[in-house]
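>>> sequence first, predicted coordinates after that:
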Amino acid sequence: MTIERIKPAQWNSRAVVHGDMVYLSGTVADDKSLPIEGQTRQVLDKIDSVLAEAGTDKSKILAVTVYMADIDQKDEMNEVYMAWMDKSILATRTCIGVDLTLGTLVEITVTATKAG
Amino acid sequence: MTIERIKPAQWNSRAVVHGDMVYLSGTVADDKSLPIEGQTRQVLDKIDSVLAEAGTDKSKILAVTVYMADIDQKDEMNEVYMAWMDKSILATRTCIGVDLTLGTLVEITVTATKAG
Amino acid sequence: MTIERIKPAQWNSRAVVHGDMVYLSGTVADDKSLPIEGQTRQVLDKIDSVLAEAGTDKSKILAVTVYMADIDQKDEMNEVYMAWMDKSILATRTCIGVDLTLGTLVEITVTATKAG
């Protein structure tokens, strides 16, 4: 079973594929000037794109961790998240407030499968 | 290999079963008035119940992440945790202090297997 | 498929091996008097040693989570991390700032495989 690394960057690969499992790095928005809603949307768009490159999609996500700079923005994040994450394919999720790099309001890490 | 989603709720499923792997969402206590010991016990009871529904139990937990609102309450959490987690079945664990939603003192995320 | 627990300690095993998957506990430096660079080096040395005991090595790491007491020390941590993590074997990674136990500046959790 080989390890495939997708888009290796400075410190990490955007995703690593091992067998039918797909691990994504913490994903952040490129435009730090956006409010939480816009950053969440950018993060989820990037996740869709990396999942596609890995040969899967959001319906096969197993586990999500949402890291927020301000846990009080959870409602706003949830609204964008649920517009993306269909009710019929709800992954497991953990959402916590942490310190992120300057300007980043939300960072999301995803584990998915290709066989589901 | 199918993806089975257990107890889909508002934003996540309580657990997702994929092959012999079982992923749980971050689990919190229902009664936020309880001190750290009581909340930890409630969380672990809920985890036992979700693991059972997924066809496994705590002896087959592979990895645990404990998120605490106050890392200085780690000793109190540990006492309850170790009364639950037998010494012969010690999972891996990471324990960190983060911001949780109002009133939540501890949130625990678990990855387990059904084949162990 | 059996569950092998490596170096069970007070609250967790250093690693749990299940099939070809290897899960490590959050790993911290033993010498809390060291600055971020030295603590990071100690953590990575310990990870190398646990991976070896589990029958694998850093080239087969799939996912890394770096927890930092001060996210502003990310550059210093990255320098040590990248001297260790070869560019050709870049794992996925998430790096966040959290509260750690007193004196701990960095804690790292790793998921690896033996078949890669």
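Perfect, I can see it now.

>>> which residue ranges form the strands in chain A?
Residue ranges of the strands in chain A, as given by DSSP state E, are A:3-8, A:13-18, A:21-24, A:27-28, A:61-68, A:92-97, A:106-113.

>>> so what strands line up beside the first one?
Read that as strand A:3-8. Here the strand partners of strand A:3-8, with direction, are listed using DSSP bridges: strand A:13-18 (antiparallel).

>>> the fifth one too?
For strand A:61-68, sheet partners with direction are given as strand A:92-97 (parallel), strand A:106-113 (antiparallel), following DSSP bridges.

>>> any chance of those strands in JSON lines, plus mean neighbour count?
For the C-beta atoms, the positions are set from N, CA and C on the backbone; glycine is no exception. Supplementary listing: the strands paired with strand A:61-68 in JSON lines, determined by neighbours: other Cβ atoms under 10 Å in any protein chain shown:
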{"stretch": "strand A:92-97", "mean neighbour count": "24"}
{"stretch": "strand A:106-113", "mean neighbour count": "24"}
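
>>> now tabulate the strands of chain A in a markdown table and tack on mean pLDDT.
As requested, the strands of chain A are arranged in a markdown table below (pLDDT from 0 to 100):
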| stretch | mean pLDDT |
| --- | --- |
| strand A:3-8 | 96 |
| strand A:13-18 | 98 |
| strand A:21-24 | 98 |
| strand A:27-28 | 98 |
| strand A:61-68 | 98 |
| strand A:92-97 | 98 |
| strand A:106-113 | 98 |
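
>>> now these as a markdown table including distance to A:Gln42?
A markdown table is the format used below for the strands of chain A (distance: least, Cβ to Cβ, whole Å):
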| stretch | distance to A:Gln42 |
| --- | --- |
| strand A:3-8 | 16 |
| strand A:13-18 | 14 |
| strand A:21-24 | 15 |
| strand A:27-28 | 8 |
| strand A:61-68 | 14 |
| strand A:92-97 | 18 |
| strand A:106-113 | 9 |
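
>>> quick check: residues of chain A near chain B?
The interface of chain A toward chain B, taken as Cβ under 8 Å from any Cβ of the partner chain, is made up of A:20, A:60, A:62-65, A:68, A:71, A:74, A:78, A:81-82, A:85, A:87, A:89-98, A:111, A:113, A:115-116.

>>> quick check on these: which are buried?
Applying a neighbour-count criterion of 16 or more other Cβ atoms under 10 Å in any protein chain shown, the buried members of the residues of chain A next to chain B are A:20, A:60, A:62-65, A:68, A:71, A:74, A:78, A:81, A:85, A:89-98, A:111, A:113, A:116.

>>> will you turn the strands paired with strand A:61-68 into JSON lines that also has distance to A:Arg41?
What follows is the strands paired with strand A:61-68, written out as JSON lines (distance: least, Cβ to Cβ, whole Å):
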{"stretch": "strand A:92-97", "distance to A:Arg41": "17"}
{"stretch": "strand A:106-113", "distance to A:Arg41": "10"}
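
>>> which helix is the longest one in chain A?
The helix that spans the most residues within chain A, counting by DSSP state H, is helix A:36-53.

>>> put the alpha carbons of that helix into CSV.
C-alpha atoms of helix A:36-53 as CSV (Å, rounded to 0.1, in the frame of the first residue of the first chain):
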residue,chain,number,x,y,z
ILE,A,36,-15.9,34.3,9.7
GLU,A,37,-18.6,33.4,7.1
GLY,A,38,-16.3,34.2,4.1
GLN,A,39,-13.3,32.4,5.6
THR,A,40,-15.4,29.3,6.4
ARG,A,41,-16.7,29.3,2.8
GLN,A,42,-13.1,29.6,1.4
VAL,A,43,-11.9,26.8,3.7
LEU,A,44,-14.7,24.5,2.6
ASP,A,45,-14.1,25.3,-1.1
LYS,A,46,-10.5,24.4,-0.7
ILE,A,47,-11.4,21.1,1.1
ASP,A,48,-13.8,20.2,-1.8
SER,A,49,-11.0,20.8,-4.2
VAL,A,50,-8.4,18.7,-2.3
LEU,A,51,-10.9,15.9,-1.7
ALA,A,52,-11.6,15.9,-5.5
GLU,A,53,-7.9,15.7,-6.2
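
>>> identify the residues contacting that helix?
With Cβ atoms under 8 Å, 6 or more residues apart in numbering or on different chains as the contact definition, helix A:36-53 has outside contacts at A:6-7, A:14-15, A:22, A:24, A:27-32, A:34, A:57-58, A:60-61, A:68, A:70, A:73, A:76-77, A:79-81, A:84, A:104-108, A:110, A:112.

>>> mind running it again at 7 Å?
Helix A:36-53 is contacted by residues A:6, A:14-15, A:22, A:24, A:27-31, A:34, A:57-58, A:73, A:76-77, A:80-81, A:84, A:105-106, A:108, A:110, A:112 when judged by Cβ atoms under 7 Å, 6 or more residues apart in numbering or on different chains.

>>> phi and psi next, for A:Trp11.
Summarising the backbone geometry of A:Trp11 under the convention degrees, to the nearest 10, its torsions are phi -120, psi -10.
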